[in-house]
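Novice: What follows is a predicted structure for the sequence shown.
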Amino acid sequence: MAQYTAYTPNGKAFASSYMQRRPWNYQVGIRSEVQDEDGAVMSMVVGERRRFVVPQELLFKQKVFGVPVPSSAECILVDVELLFLQPY
C-alpha cells in the first residue's frame, strides 16, 4: 500500500490518496496506468518517499490512479510513499 499525490508541472494537485483519506492498494504486475510503474514502485523500500516524473507518452489510458490526467500536461509529477507490502 502507498500514499500518493499527482501534480501537473505547474504544481497543481489533481489526484491524491491523502484527499481521499485512504492509501492506494497497489497490485504488482498489472501495469494498469503507467509504463514501468512496477519497476519504479518495487525498487522502493517500505517507508521511502520518492518523486517520479512521468512523461505523457508513458501513461496508459491517459489516467493515473484512475483519475484523468489534464490534457495540457506534457508530464506529471507523482510523490509516492510506500507504506507496506502485502502478499497476495
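Specialist: Okay, I see it. Every value quoted in this text rests on a predicted model; they were computed, and no experiment measured them. Residues are numbered from 1 along each chain as shown.
Novice: Now the residue nearest the centre of the chain: phi and psi?
Specialist: Nearest to the mean C-alpha position of the chain, by Cα atoms, centre = their mean, lies Val78 at 5.4 Å. With angles defined as degrees, to the nearest 10, Val78 sits at phi -130, psi 120.
Novice: And it, how far from Val69?
Specialist: Distance, Val78 to Val69, using Cβ to Cβ, to the nearest Å: 11 Å. Glycine gets a C-beta too; all of them are placed from N, C-alpha and C.
Novice: shared neighbours, the two?
Specialist: Jointly contacting Val78 and Val69 under the rule Cβ atoms under 8 Å, 6 or more residues apart in numbering are Ala6.
Novice: from memory Cys75 sits against Asn10, does it?
Specialist: No - applying Cβ atoms under 8 Å, one finds Cys75 not in contact with Asn10, separated by 11.2 Å.
Novice: So for the two, which sits in the more crowded spot?
Specialist: Shown here are Cys75 and Asn10; by other Cβ atoms under 10 Å, Cys75 has more neighbours (16 against 9).
Novice: Now do Phe84, the pLDDT please.
Specialist: pLDDT, Phe84: 86.
Novice: just checking, it touches Met1?
Specialist: Yes - with contacts counted by Cβ under 8 Å, Phe84 reaches Met1, the gap being 5.7 Å.
Novice: Those two: who's more crowded?
Specialist: Legend: neighbour count by other Cβ under 10 Å for Phe84 and Met1, higher for Met1 (15 against 9).
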